[in-house]
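1. I would like to see how this sequence folds:
(2 chains)
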2 protein chains.
Amino acid sequence: MTLGSPDFWRRRRVLVTGGAGFLGSNLCHALAGLGARVTALDAMLPDGGANPANLEGAGVMLVRGDLRETELHSLCQGVEVLFNMAAQTSHMGGQRDPVADLAINAVAQVRLVQVMREVAPKAVVVHASTRQFYGRPLSLPVDEFHPVNPPDANGVSKWAGEQYWMLENRVLGRPVVSLRLTNCYGPRLRIADARQTFLGIWIRRVLEDAPFEVWGGSQLRDLAYVDDVTRAFLLAAEQADRPEVAGRVFNLGGAPPLSLLELAHLLIAANGGRGRFETREFPPDRAPIDIGSYHADDRAFRAATGWAPMVPLEEGLRRSLAWYRERLADYAF
Amino acid sequence: MTLGSPDFWRRRRVLVTGGAGFLGSNLCHALAGLGARVTALDAMLPDGGANPANLEGAGVMLVRGDLRETELHSLCQGVEVLFNMAAQTSHMGGQRDPVADLAINAVAQVRLVQVMREVAPKAVVVHASTRQFYGRPLSLPVDEFHPVNPPDANGVSKWAGEQYWMLENRVLGRPVVSLRLTNCYGPRLRIADARQTFLGIWIRRVLEDAPFEVWGGSQLRDLAYVDDVTRAFLLAAEQADRPEVAGRVFNLGGAPPLSLLELAHLLIAANGGRGRFETREFPPDRAPIDIGSYHADDRAFRAATGWAPMVPLEEGLRRSLAWYRERLADYAF
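-> Model (predicted):
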């Protein structure tokens, strides 16, 4: 499967923040394969999605630096496309230290906005955003007009970070696109624990032949396989100068919605029938961030760009398990 | 006119942040008159709404301190009601220095949230929010489900600050109400320039017998007289434990909508026919923050609390002019 247009990407200068993380590193691999000149910036925070193994073999330059403080001018100079994937994405982290959460997701973004304005005023920006700040859906599926009701501090800061970028479009005309992602999965996801998504720890447990936990079970999710997400980011950048695309926020969904219980069974089936799980109540101390069911109405993005997910869930789960089976030592620590 | 219920307020410990500003100081006067024990906190930033003359004769304690750094524990200890009026509200200020804007409106609010959690976990909080982050209305009148599309950095930070307080309700059950205000006017408004609202400088110019400028002219606004706004804040606090009120954001409007040109004529009429103005195009460099017409659908707040504005626009303008006529030296500097 071709993930993007080589004619567009060949020799293009691309900066990927959060480039050693789950989505960022997958983008880096794809971009390098398309002939782009890629720099990955990553703070390599221990609780986040970054993993040194994620960029193995990608052939991109990794700069270790934190958007809150690292010198950005030289990094941004000459950049033609910025994929802005760096974020604190942990619900609990945001609740424990909302000041740090805001510093990472909003203050640091303002810094990056200002430097990009100075040294790369024409660059395209594709921002990785999240369904998370919609909170508990008032109706399903969730489109881009759904009210924003963050269930936690992290949702507030992620929304603010997105909006600073959208302002660059509204006020200065920069081509900016924001993709509000559903739960994504696939190779290079953090599986050590549930910090990036519950599915990470499920995959680990299944491969270790240990039981995983399903909290609740009836909640619906529309999981997006990482190759489909990567393709969406590439398409968004390639088309960011079209009026149907520029300056817009788009929800990005994935596979048809299914319940967590159905997903648990599919995961075990994808593992050749090996695996087991226990269901438990959603823990009371996390109830405020239990958003119930979610699935995206992503028709706007599909209509604007022609994108559609191509990897069925069963296939994506099989590929993920096969990938991690070879690499458990690098990812399950 | 009684602004609130003396039985509720007598001897109640109240903290008003931004207490020397326009709305904050009017609240302080009302609260002191109702027998509350009031502390006003204000950073007295020179570009904001604070004015030492605003608290003259109020009989409240003014603490000069900036929410970003001042010691808050002793101030918040024992507080039963917090009116949270402190903010950077300048459009242009936010665009010039978005980091400071975010520090004032969001980071400092997180600080206050955390201290209030520690030392005043049961206190009622009424937060002063703004119509501003709705951006250019997609339809009129604007209700609380209107999408949030901030036209500037200040709108992003004000929304974030509001949401951190709403989370205290959603996650911890604190009685919190947020009032999203339209353009407010009346005594103690900043009239030295247009930093707080365009109507400030209009009032000053009319009283100085100088022409004022109307940018555009056909835009609709629903101006709220400060006594009506003060009453809304008091009502919100008095009723914050009712399920119809707790944890809600409410738009707050004012007089029936009229155009800026009509308003200009009314102001001159309220000044006994003395006054003149010039119309000019909205300056191109401010076009991105020209939101066109706005008026609030505030039926939700009216239905929940019984509030309705009581001061007609003509009367409010007359009272404002009379008040400033005696105090030009204190306000037009």
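2. switch to C-alpha atoms for all contacts and neighbour counts from now on
-> Noted.
3. roughly how far does A:Gly94 sit from B:Gly292?
-> The spacing between A:Gly94 and B:Gly292, counted by CA to CA, to the nearest Å, is 36 Å.
4. and for A:Val156?
-> Applying CA to CA, the value for A:Val156 to B:Gly292 is 27 Å.
5. the more surrounded of these two?
-> A:Val156 (31 against 15; other CA atoms under 10 Å in any protein chain shown).
6. ok, and what's touching the helix or strand bottoming out on mean pLDDT in chain A?
-> Lowest mean confidence among the helices and strands of chain A (mean pLDDT, DSSP states H and E): helix A:91-96, at a mean of 81. For helix A:91-96, the external contacting residues (CA atoms under 8 Å, 6 or more residues apart in numbering or on different chains) are A:88, A:100-101, A:152-155, A:289.
7. most surrounded residue in the residues you listed?
-> Highest count within the contacts of helix A:91-96 by other CA under 10 Å belongs to A:Gly155, 30 neighbours.
8. could you find the closest non-adjacent residue to that one?
-> Residue nearest to A:Gly155 in three dimensions, not counting chain neighbours: A:Phe133, with 4.5 Å by CA to CA, 6 or more residues apart in numbering or on different chains.
9. re the thing from before, can you list the buried residues in the least confident helix or strand of chain A?
-> Buried residues in helix A:91-96, counting neighbours by 16 or more other CA atoms under 10 Å in any protein chain shown, are found at A:91, A:93-94.
10. what mean pLDDT does the helix or strand that contains A:Trp159 get?
-> Using DSSP states H and E, A:Trp159 falls within helix A:153-172. Mean per-residue pLDDT for helix A:153-172: 96.
11. give me the below-cutoff pLDDT ranges for chain A.
-> The model of chain A has pLDDT under 70 over residues A:1-2.
12. now the strands for it?
-> Assigned by DSSP state E, the strands in chain A fall at A:13-17, A:37-42, A:61-64, A:81-84, A:124-130, A:176-181, A:184-185, A:212-215, A:220-221, A:224-225, A:248-252, A:258-259, A:277-280.
13. can you redo those as TSV with distance to B:Arg248 and mean neighbour count?
-> Listed next are the strands of chain A as TSV, based on distance: least, CA to CA, whole Å; neighbours: other CA atoms under 10 Å in any protein chain shown:
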stretch	distance to B:Arg248	mean neighbour count
strand A:13-17	36	24
strand A:37-42	39	24
strand A:61-64	43	17
strand A:81-84	33	24
strand A:124-130	24	25
strand A:176-181	25	25
strand A:184-185	32	25
strand A:212-215	29	19
strand A:220-221	27	20
strand A:224-225	34	26
strand A:248-252	26	24
strand A:258-259	31	16
strand A:277-280	32	12
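14. compare those and give me the one nearest chain B.
-> strand A:248-252 (10.9 Å; CA to the nearest CA).
15. direction included, what does that closest one pair up with?
-> Strand A:248-252 has the following strand partners under DSSP bridges: strand A:176-181 (parallel).
16. now for the residue lying closest to A:Ala50 once chain neighbours are set aside: which residues touch it?
-> Of all residues not flanking A:Ala50 in the chain, A:Gly21 sits nearest, at 3.9 Å (CA to CA, 6+ apart). Neighbouring residues of A:Gly21 by CA under 8 Å, 6+ apart: A:42, A:48-51, A:54, A:86, A:188-189.
17. buried only: go through the residues you listed for me.
-> By 16+ other CA under 10 Å, the contacts of A:Gly21 give A:42, A:48-51, A:54, A:86, A:188-189 as buried.
18. that older thread, return the distance of the helix holding A:Trp159 from the chain's centre.
-> Remark: helix A:153-172 is offset 16 Å from the chain centroid, using CA atoms, centre = their mean, to the nearest Å.
19. how about the CA coordinates for that helix, as PDB?
-> C-alpha atoms of helix A:153-172 as PDB (Å, rounded to 0.1, in the frame of the first residue of the first chain):
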ATOM      1  CA  ALA A 153      -7.400  18.800  32.500                       C
ATOM      2  CA  ASN A 154      -5.600  17.100  29.700                       C
ATOM      3  CA  GLY A 155      -8.600  17.700  27.400                       C
ATOM      4  CA  VAL A 156      -8.500  21.400  28.200                       C
ATOM      5  CA  SER A 157      -4.800  21.800  27.400                       C
ATOM      6  CA  LYS A 158      -5.100  19.700  24.200                       C
ATOM      7  CA  TRP A 159      -7.900  21.800  23.000                       C
ATOM      8  CA  ALA A 160      -6.000  25.000  23.700                       C
ATOM      9  CA  GLY A 161      -3.000  23.800  21.800                       C
ATOM     10  CA  GLU A 162      -5.100  22.900  18.800                       C
ATOM     11  CA  GLN A 163      -6.800  26.300  18.800                       C
ATOM     12  CA  TYR A 164      -3.500  28.300  18.800                       C
ATOM     13  CA  TRP A 165      -2.700  26.500  15.600                       C
ATOM     14  CA  MET A 166      -6.100  27.100  14.100                       C
ATOM     15  CA  LEU A 167      -5.600  30.800  14.900                       C
ATOM     16  CA  GLU A 168      -2.500  30.800  12.600                       C
ATOM     17  CA  ASN A 169      -4.900  29.900   9.800                       C
ATOM     18  CA  ARG A 170      -7.700  32.300  10.800                       C
ATOM     19  CA  VAL A 171      -5.400  35.300  11.500                       C
ATOM     20  CA  LEU A 172      -2.500  34.800   9.200                       C
END
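20. correct me if wrong: A:Arg204 contacts A:Ala194.
-> No. Using CA atoms under 8 Å, A:Arg204 makes no contact with A:Ala194, being 10.0 Å away.
21. that older thread, for the buried ones among the contacts of A:Gly21, which one is nearest chain B?
-> A:Ala86 (18.4 Å).
22. spatially nearest residue to the closest one (excluding sequence neighbours)?
-> In space, and not counting its chain neighbours, A:Ala86 is closest to A:Gly18: 3.9 Å by CA to CA, 6+ apart.
23. just give me the neighbour total for that neighbour.
-> Applying the criterion other CA under 10 Å, we find 30 residues in the vicinity of A:Gly18.
24. just to revisit the earlier point, quickly note the distance from the residue nearest to A:Ala50 to A:Glu326.
-> Separation of A:Gly21 from A:Glu326 (CA to CA): 19 Å.
25. A:Pro257 now?
-> 29 Å.
26. in terms of packing, which of those two has more residues around it?
-> A:Pro257 (19 against 9).
27. correct me if wrong: A:Ala128 contacts A:Asn84.
-> Yes. Here A:Ala128 reaches A:Asn84: they are 6.0 Å apart, a contact under CA under 8 Å.
28. show me what from the stretch 151-300 of chain A comes close to chain B.
-> Those residues of the stretch 151-300 of chain A that sit near chain B, judged by CA under 8 Å from any CA of the partner chain, are A:151-153, A:156-157, A:160, A:163-164, A:167, A:170-171, A:288.
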